[in-house]
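Asks: predicted model and sequence follow; I will ask about them next.
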Amino acid sequence: MILESISVGLIVGSCVSFIKSLSFNSSSLSLELMTIFEQMRIGVPIVAGDKEVWLLPTINKEIVYPWGHRFLINLPVGKSSRDVIMAKQALSEALRKDVDIKFDNGLILDIFNEKLPEMVTYHYVQRKDWKVPLGINQRHDVHYFDFDAPYPHFVDGGLSGSGKSCIIRIMLTSLIMNKHDDLQLYLADMKEGVEFMIFEHIECVRGFATTLKELLQVASTVEAIMLERLTTMRKNNMRKWNNDKCVLCIDEMSDLIETDHDPDKRLKQAIKAKLRAISAKGRAAGCWLILSTQRPTVNSVPGDIRTNISTAIAFRTRDEIQSRTILDAPDAAYLPDIPGRAIYQHGVKQEIIQCFYLDDVDAEILLESAPRKEIAHAHNESKSDPGIQQPAINETAVKTKKMGKRPVVLK
Ligand SMILES: Nc1ncnc2c1ncn2[C@@H]1O[C@H](COP(=O)(O)OP(=O)(O)O)[C@@H](O)[C@H]1O
Ligand SMILES: [Mg+2]
């Protein structure tokens with residue numbers, strides 16, 4: 001439904017006297033919005049005779065959607081859209097509703113009927129492409145991350161318990177369910193492998209690291225695959241690797257933070273050098289990174305690696321500096337304390353989403369249909385790259401699984 005309404009408001013001097021021209025079908029929300037513009041002095045003061053007159057924004061169009069109302073707004077000359085965007089929080093509080101404001105050939109102000117839900121359960125849907133679902137925005141649009149897009153690497157960051165491992169579980173489960181025949185997964189999880197335990201015996205999981213040494217092996221393997229592919233591509237004049245893809249996923253990059261007198265300093269630097277190379281050259285070779293960090297700093301995700309990753313999810317961060325390490329903005333520091341609530345940044349676009357939720361029990365049920373390794377042979381298995389040494393798989397994980405127990409989370 002589209003309500004055409006033109007509203008022109010003038011505030012004269014400090015006495016609140018208005019000249020309004022409102023069409024008969026202006027909604028109560030548009031009237032409320034105009035009143036708030038007046039009260040917040042969102043306008044431009046001009047001098048008319050000996051009086052100061054305020055020119056207010058005008059509403060060109062109001063569109064009603066299932067999720068709320070969209071207002072297309074004209075600003076008076078001299079009022080920048082940036083000023084209104086900066087006033088978003090105050091507008092939202094005055095309206096007592098969530099709002100979103102952006103500039104796209106004019107100012108677009110969305111007022112939402114409902115709050116973003118605090119929990120949205122993940123449901124698996126089979127797909128043929130490389131897109132994995134992340135979550136929904138307040139317009140109920142589902143956001144996907146497309147590994148096959150021009151910028152395939154991914155990073156997420158945020159406080160402990162904010163939902164980082166959950167979204168990675170969804171990404172890996174979706175990839176495995178849809179693409180296990182075309183996929184080689186390399187997983188690194190320094191918490192004794194507990195986060196990724198459910199994936200360990202899936203056939204397409206070719207490497208599983210639980211120590212820094214194993215991570216270096218895994219990262220070296222992925223780099224070697226990448227370099228081999230790039231050589232093949234050069235020889236055959238190929239611009240893109242169109243065969244199986246390779247994903248290296250690291251659950252906690254803060255394990256790579258170097259401290260003073262760190263005995264593992266060289267090991268950590270060597271791992272970061274591999275990640276740097278994969279982030280820079282992996283795209284064309286179909287070698288992709290998924291990185292996650294609880295302490296987003298330039299020491300855990302170095303700037304040159306971060307620069308090569310254009311898709312990021314920031315859950316709530318401790319402060320603006322941490323937020324800026326993940327996003328190009330401080331906003332993740334001000335997210336509500338809701339697990340799964342995050343800012344999704346794709347290129348220059350940013351949007352608040354509620355990430356889907358999938359616990360490890362439901363993920364394991366889904367993964368029952370995925371091809372599995374023979375556990376007895378798992379140690380030395382390397383199907384597509386027989387020359388490359390594989391890190392040992394986690395013995396504790398295997399035993400726990402065989403006995404049918406749930407994993408114990410080691411802190
Ligand atoms: N998308 C989500 N929606 C709702 N609750 C979530 C979501 N993601 C995580 N949680 C809750 O938060 C807890 C911690 O999530 P987790 O992914 O392990 O956080 P992190 O890896 O950031 O420490 C989960 O056990 C779950 O209860
Ligand atoms: Mg985690």
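Replies: Right, received. Where do you want to start? Ligands and ions are numbered 1, 2, ... in the order given.
Asks: which parts of the stretch 301-411 of the chain are helices?
Replies: Using DSSP state H, counting those that start in this stretch, the helices of the stretch 301-411 of the chain run over residues 303-307, 320-326, 360-367, 395-402.
Asks: which residues are contacting the second one?
Replies: The one in question is helix 320-326. 155-158, 295-298, 301, 306, 312-314, 317, 329-333, 345 (C-beta atoms under 8 Å, 6 or more residues apart in numbering). Where you see a C-beta, it was placed from the backbone N, CA and C, and this is true even at glycine.
Asks: please repeat the previous calculation with a cut-off of 10 Å.
Replies: Contacts to helix 320-326, defined as C-beta atoms under 10 Å, 6 or more residues apart in numbering, come from residues 155-159, 293-301, 303, 306, 309, 312-317, 329-335, 342-343, 345.
Asks: show the buried residues in those.
Replies: Buried members of the contacts of helix 320-326, scored by 16 or more other C-beta atoms under 10 Å, are 155-159, 293-296, 299-301, 306, 309, 312-317, 331-333, 335, 342-343, 345.
Asks: okay, and residue 291 sits in which element?
Replies: Per DSSP states H and E, residue 291 falls inside strand 287-293.
Asks: what's the answer for residue 279, then?
Replies: Residue-wise, residue 279 maps onto helix 265-281 under DSSP H and E.
Asks: so for that helix, mean pLDDT?
Replies: Regarding helix 265-281, the rounded mean pLDDT is 97.
Asks: what's it packed up against?
Replies: If you count contacts as 3 or more C-beta pairs under 10 Å, 6 or more residues apart in numbering; DSSP states H and E, helix 265-281 packs onto helix 212-235, strand 245-250, strand 287-293, helix 303-307.
Asks: and residue 336, what does it touch?
Replies: 115-116, 118, 316, 352.
Asks: make it 8 Å
Replies: Contacts of residue 336 (C-beta under 8 Å, 6+ apart): residue 316.
Asks: now do the phi/psi pair for it.
Replies: With angles defined as degrees, to the nearest 10, residue 336 sits at phi -70, psi 160.
Asks: the residue nearest to residue 304 when sequence neighbours are not counted - how many residues pack around it?
Replies: Of all residues not flanking residue 304 in the chain, residue 276 sits nearest, at 6.0 Å (C-beta to C-beta, 6 or more residues apart in numbering). Look at residue 276: counted by other C-beta atoms under 10 Å, it has 15 neighbours.
Asks: residue in the stretch 251-400 of the chain with the shortest distance to ligand 2?
Replies: residue 251 (6.0 Å; C-beta to the ion).
Asks: that residue is in contact with residue 189, isn't it?
Replies: Yes - using C-beta atoms under 8 Å, residue 251 is in contact with residue 189, at 4.4 Å.
Asks: what do the two both touch?
Replies: 195-196.
Asks: and the end-to-end length of stretch 123-140?
Replies: End-to-end distance of stretch 123-140: 15 Å, with C-alpha to C-alpha, to the nearest Å as the criterion.
Asks: same check on stretch 141-155?
Replies: End-to-end distance for stretch 141-155, by C-alpha to C-alpha: 21 Å.
Asks: hang on, the earlier thing: now tabulate the helices and strands packed on helix 265-281 in a markdown table and tack on mean pLDDT.
Replies: A markdown table is the format used below for those (pLDDT from 0 to 100):
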| stretch | mean pLDDT |
| --- | --- |
| helix 212-235 | 97 |
| strand 245-250 | 97 |
| strand 287-293 | 96 |
| helix 303-307 | 91 |
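Asks: and the ones you listed: which comes nearest residue 166?
Replies: Closest approach to residue 166 among the helices and strands packed on helix 265-281 (C-beta to C-beta): strand 287-293, 10.6 Å.
Asks: same for that closest one, what does it pack against?
Replies: Applying 3 or more C-beta pairs under 8 Å, 6 or more residues apart in numbering; DSSP states H and E, we find strand 287-293 packed against strand 154-157, helix 164-179, helix 212-235, strand 245-250, helix 265-281.
Asks: CA atoms only: put it into PDB for me.
Replies: Taking Å, rounded to 0.1, in the frame of the first residue of the first chain, the C-alpha atoms of strand 287-293 are listed here in PDB:
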ATOM      1  CA  CYS A 287      40.700 -21.900  -1.400                       C
ATOM      2  CA  TRP A 288      38.700 -20.000   1.100                       C
ATOM      3  CA  LEU A 289      39.000 -18.900   4.700                       C
ATOM      4  CA  ILE A 290      36.500 -18.800   7.600                       C
ATOM      5  CA  LEU A 291      38.100 -17.100  10.600                       C
ATOM      6  CA  SER A 292      36.600 -16.400  14.000                       C
ATOM      7  CA  THR A 293      37.900 -14.400  16.900                       C
END
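Asks: list the pairing partners of it within its sheet, with orientation.
Replies: On the basis of DSSP bridges, the sheet neighbours of strand 287-293 come out as strand 154-157 (parallel), strand 245-250 (parallel).
Asks: which other residues reach the last one?
Replies: With contact meaning C-beta under 8 Å, 6+ apart, strand 245-250 is reached by 130, 147, 168, 171-172, 175, 179, 182-189, 196, 215, 218-219, 222, 225-226, 275, 278, 285-292.
Asks: where does residue 192 land on pLDDT?
Replies: pLDDT at residue 192 comes out at 75.
Asks: and the gap between it and residue 148?
Replies: The gap separating residue 192 from residue 148 is 33 Å, by C-beta to C-beta, to the nearest Å.
Asks: how about the secondary structure of residue 300?
Replies: Here residue 300 takes the coil state, with states given by DSSP: H, G, I helix; E, B strand; the rest coil.
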